[in-house]
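Undergrad: Here is a sequence together with a model predicted from it:
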Amino acid sequence: MKIMRPVALAALTASLATPALADRQETIYLNPFAGFQLFDDKRDLSETGTFGVGVEYRFLPRWSVEAVYSRADADRKYVAGESEFQELRIDGTYYFAGPDAAWNPYVSLGAGHAEFGVGDTISYTTAGTDHEETRVNVGVGFRYNVSDSISIRGDLREFYGIDESTFDTMASLGLSWAFTRTVAASKPAPAPEPAPAPAPADSDGDGVPDNRDQCPNTPAGVQVDSRGCPVDSDGDGVPDYRDECPNTAAGATVDERGCEGVTETVETIELRVQFPTNSSVIDATFDNEIRRVADFMAEYPETTVEIAGHSDSIGDAEYNRFLSQRRAEAVANRLTTVLGIDPDRVSAMGYGEAEPIASNDTAAGRAQNRRVEARIQVSR
């Protein structure tokens, strides 16, 4: 039996640790066993049956540590009598296969505290009896997994008694019960997501950032090009949102309405016309005010007029433009139907909040901006 010690020690020294897994299993085995122990001749003890139990913690797939208690009642070999034996030891074990394999051969190394002659009333004089000592051990064996929870274990182990330089050998066989749990590996904290870059400033809200906007004060809701300037589809210099003649021939000279010929505004008459809230409906109440425009145009038959509607900046800009357009059309309609001006001489345009004449930051300024103007024009 002594031959196995250097072999087992060499195998244990040559073993390599199992690489870490993402998740790992932890198993606790309850290992009762029965064995047959051969004592060194110095102990004056006959070979005898030994019984014990171990609690083994398999903390990695191929590594475990085990606490073992064993005891025996051994006959004296050369004189009459018997001696009790008991030991408590700690063993470290390396398995050559993972816990999922059917066969798990292993090597083991440990140390413990042994007592001989405990409780015996006979006084022994033979060396090695009736005393305590430290024993180290090395072993080889196998575990055969019958099922996930039950396995058979066979073990062959050599013990070295440090005090008396003795060698004892034990072979054992046992039945084990396994209690297993899976431990999830700790995951590194995810890297923080980069903070989103702040959106470039777009002061006039036309979709073109200020650092590329060549027309930084575009009225709200107006379609713009890649430079941030109002679209001018026919290229006549009058943006589409103000162009009353959208298909002017290329190169033609146009007026401020985008129409051919040069139109000059010669008179602007501000009309004191009041509309109900969110309404564009008026009646004869304001005909005398609108008649000022009709009289001027009757005196100067070569003129035309643009009825321009304006609003303050409270509310949605596109809605304000729409409402100012409807109000301008309502005034123009009174001018052409009730007051008899030729419809060809009258146009209506809603500018919304695009052309303020006062600050929208005060109530008085906003009141001035809510206005209707008659722009008397002459074509040259």
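TA: Yes, it's here.

Undergrad: what about the residue lying closest to residue 175 once chain neighbours are set aside, helix or strand, and which?
TA: With sequence-adjacent residues excluded and distances taken as C-beta to C-beta, 6 or more residues apart in numbering, residue 175 is closest to residue 152, at 6.1 Å. C-beta: built from backbone N, CA, C; applies to glycine. In this structure, residue 152 sits in strand 150-161 according to DSSP states H and E.

Undergrad: And stretch 92-101, end to end?
TA: Stretch 92-101 has an end-to-end distance of 20 Å (C-alpha to C-alpha, to the nearest Å).

Undergrad: Report the contact partners of residue 364.
TA: With contact taken as C-beta atoms under 8 Å, 6 or more residues apart in numbering, residue 364 is in contact with residue 358.

Undergrad: So, low pLDDT: which residues of the protein?
TA: In the predicted model, the chain carries pLDDT under 70 at residues 1-22, 118-129, 185-186, 261-263, 277, 380.

Undergrad: how is it carved up into domains?
TA: Domain assignment for the chain by automatic domain parsing gives 4-15+23-184, 262-379.

Undergrad: Could you provide those domains in a markdown table, with additional columns for distance to residue 252?
TA: A markdown table is the format used below for those (distance: least, C-beta to C-beta, whole Å):
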| stretch | distance to residue 252 |
| --- | --- |
| domain 4-15+23-184 | 78 |
| domain 262-379 | 11 |
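
Undergrad: of all those, which lies closest to residue 214?
TA: domain 262-379 (17.8 Å; C-beta to C-beta).

Undergrad: Buried residues in the longest helix seen in the chain, which are they?
TA: Longest helix in the chain by number of residues, with DSSP state H as the criterion: helix 317-337. Buried residues in helix 317-337, defined by neighbour count with 16 or more other C-beta atoms under 10 Å: 317, 320-332, 334-335.

Undergrad: With stretch 235-249 instead?
TA: Buried residues in stretch 235-249 (16+ other C-beta under 10 Å): 236, 238, 239, 241, 242, 243, 244, 245, 248.

Undergrad: mind listing the helices for this structure?
TA: Counting by DSSP H, residue ranges of the helices within the chain are 4-14, 287-299, 317-337, 363-369.

Undergrad: Tell me which of the ones you listed lies nearest to residue 169.
TA: Nearest of these (C-beta to C-beta): helix 4-14, 8.4 Å.

Undergrad: is it true that residue 230 touches residue 222?
TA: Yes. Residue 230 is within contact range of residue 222, at 5.0 Å (criterion: C-beta atoms under 8 Å).

Undergrad: Could you tell me which residues touch both of these two?
TA: Joint contacts of residue 230 and residue 222 (C-beta under 8 Å, 6+ apart) are 239, 241.
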